[in-house]
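Novice: Have a look at this prediction, sequence included:
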Amino acid sequence: MVEMYNLKYGSIKRLTSDNYDTWKPRISAILLTILALKIVTGEETEDDLHIGNSAVKIAKCESYEKRQALATTAILLSCTHEVSTYLSGITDPKAMWDTLAEQLSSAFSFGRCVTISKNFDNAHPKTGESISVYLSRLNDM
């Protein structure tokens, strides 16, 4: 059974070792909605907060810290227990984002290899299908 991450903006399947490619755009939409995507991608940093007078700085810092906390929570809670072990001890949402990408998005990640192996094991030529079409389907895995 697929675990879901439910929140007021909708529901997404929790990140597993083999669904990073579908999880990433969905969690990105959630992070965009809570105005935290730029924090997660590193486009907005704490260095950007050193502009303006003290009242403006305080407001910007509070906003940043709140959105950073929301991003951390969204990322962590949208992961299965298995995947959340990659994030043990990490509280910075950008570091979490980068760690998940490094562990799960590469063509050589364990989860990706398992998925490719399962797909290959279940792939069979269809009746009347040319060998070139079958090989093309295999190549698209």
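Specialist: Good, I have the coordinates.
Novice: three-state assignment of Asp21?
Specialist: helix (DSSP: H, G, I helix; E, B strand; the rest coil).
Novice: Tell me the spacing between it and Ile27.
Specialist: 12 Å (CB to CB, to the nearest Å). Where you see a C-beta, it was placed from the backbone N, CA and C, and this is true even at glycine.
Novice: Looking at these two, which has the bigger crowd around it?
Specialist: Remark: of Asp21 and Ile27, Ile27 carries more neighbours, 24 against 11, as counted by other CB atoms under 10 Å.
Novice: Tell me which residues touch the more buried one, please.
Specialist: Contact analysis of Ile27 by CB atoms under 8 Å, 6 or more residues apart in numbering lists Ile12, Leu15, Ala74, Ile75, Ser78.
Novice: just for this protein, where's the confidence low?
Specialist: Counting by pLDDT under 70, the chain contains low-confidence ranges at 1, 50-52, 106-112, 141.
Novice: Show me what the biggest helix by length in it is in contact with.
Specialist: Longest helix of the chain, by residue count under DSSP state H: helix 54-77. Residues outside helix 54-77 that contact it (CB under 8 Å, 6+ apart): 5, 7, 27, 30-31, 34-37, 39-40, 44, 46, 48-52, 84, 87, 91-93, 96-97, 100.
Novice: follow-up on the earlier one: can you pick the most crowded of the contacts of Ile27?
Specialist: Neighbour counts for these, by other CB under 10 Å, peak at Leu15, which reaches 26 neighbours.
Novice: got a list of what it touches?
Specialist: Trp23, Ile27, Ser78, Cys79, Thr80, Val83, Leu100, Leu104.
Novice: Which parts of the protein are strands?
Specialist: Using DSSP state E, the strands of the chain run over 4-7, 10-13.
Novice: Turn those into a markdown table, including distance to Arg137.
Specialist: Shown next, in a markdown table, are the strands of the chain (distance: least, CB to CB, whole Å):
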| stretch | distance to Arg137 |
| --- | --- |
| strand 4-7 | 30 |
| strand 10-13 | 25 |
